[in-house]
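Peer 1: Take this sequence and fold it.
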Amino acid sequence: MDEAVIRAMRKWPDVPAVSGWLSLDHAGRWRHHPRGDALQHPPTSGELITHAGLLDFLNRNYQADEQGRWYVQNGPQKVFVRLDGAPLVLHLAPDGVHLQDQAGQLVEQVLAWYLSAQGWLYLQTQRGPALLAGRDLPALADQLHDGRGRGLGDLDTGRPQRSEGWRTSAYPAPRPLVIWSAAVSPARELAYIAFPETDPI
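Peer 2: Numbers count the residues shown, from 1 in each chain. All right, here's what the predicted structure looks like:
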C-alpha cells in the first residue's frame, strides 16, 4: 500500500466505504462505473481503465478485508470492487510456464486447482483466489498433469470429482484438482464476495 494512502487513513480514519464504482473483469481488466451502478442486475460493463498511472495505483492498493470483500484503498476510503471472475486474474508469464496476476506479480505457489462446469480454471494461490484468463487455458492445460501421465483431457469433466497430485513444471508441488458441479458457486467455495456491499451506517 502507498505511504500516502497510509497517511490519509491515519488522518481521516472514519471515511465511509463505497461500492459500485469499480469492477475487475474476467480478463483482469479494471473498469470504472461512472454512475456507481456496478452492483446493478444485470451487471453493467463499465468503462475500461487504460491510464498506466491509475492502473498502477489500483494494483498497488488492492487487497481484501476479513469478509472476503476486495477493495482499493483510495486515500482514506475503501472502494469495493465487483469481481466478474475472481479477485486475481492470471495469465501465463512471458516464459510460458509461470503465472502472473493482473498486476504482473508472479504466482509463487498454487495450493489447489478447480475446474468449473462452465470450463473456467480457478486456483488457490498464496495471495488469494484466482481465475485463469480463458485465452491461456489451452496452453496451461497442456502443462497440467497428475504425475501419472493424466491430463485434463483424460478426465470426465462432466462428473464432479477430486483427485490428487496435479502439477506443472513451474509449480511442481502436487496439489488437488477439484471438478465442480454446475451448482457450485466459485465465490462461495473460495471465500470471496463477488458483489461486495458496504456495511450499514
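Peer 1: Return the residues in contact with residue 102.
Peer 2: Taking CB atoms under 8 Å, 6 or more residues apart in numbering as the criterion, residue 102 is in contact with 24, 28, 29, 30, 59, 88, 89, 91. Heads up, the C-betas are built off the backbone N, CA and C, glycines and all.
Peer 1: ok, now how distant is it from residue 137?
Peer 2: 16 Å (CB to CB, to the nearest Å).
Peer 1: Tell me the one among the contacts of residue 102 nearest to residue 129.
Peer 2: Closest approach to residue 129 among those (CB to CB): residue 88, at 6.7 Å.
Peer 1: Could I get the contacting residues of that closest one?
Peer 2: Contacts for residue 88 (CB under 8 Å, 6+ apart) come out as 28, 101, 102, 125, 127, 128, 129, 130, 131.
Peer 1: Now do the strands in this protein.
Peer 2: Applying DSSP state E to the chain gives strands spanning 18-24, 30-32, 47-48, 62-64, 70-74, 77-83, 88-92, 99-100, 110-115, 121-125, 129-132, 161-166, 175-179.
Peer 1: which of those sits most buried?
Peer 2: A comparison of the strands of the chain by mean neighbour count, using mean count of other CB atoms under 10 Å, puts strand 129-132 on top with a mean of 24.
Peer 1: who touches it?
Peer 2: 26, 85-91, 99, 101, 107, 120-124, 140, 186, 190-192.
Peer 1: redo that, cut-off 6 Å
Peer 2: Residues from elsewhere that reach strand 129-132 (CB atoms under 6 Å, 6 or more residues apart in numbering): 85, 86, 87, 88, 89, 90, 121, 122, 123, 190, 192.
Peer 1: Identify the farthest-apart pair in those.
Peer 2: Farthest pair in these, by CB to CB: 121 and 192, 16.2 Å.
Peer 1: what about residue 103, neighbour count?
Peer 2: As a burial measure, residue 103 scores 15 neighbours (other CB atoms under 10 Å).
Peer 1: where does it land on pLDDT?
Peer 2: For residue 103, the pLDDT comes out at 95.
Peer 1: And it, how far from residue 62?
Peer 2: 7 Å.
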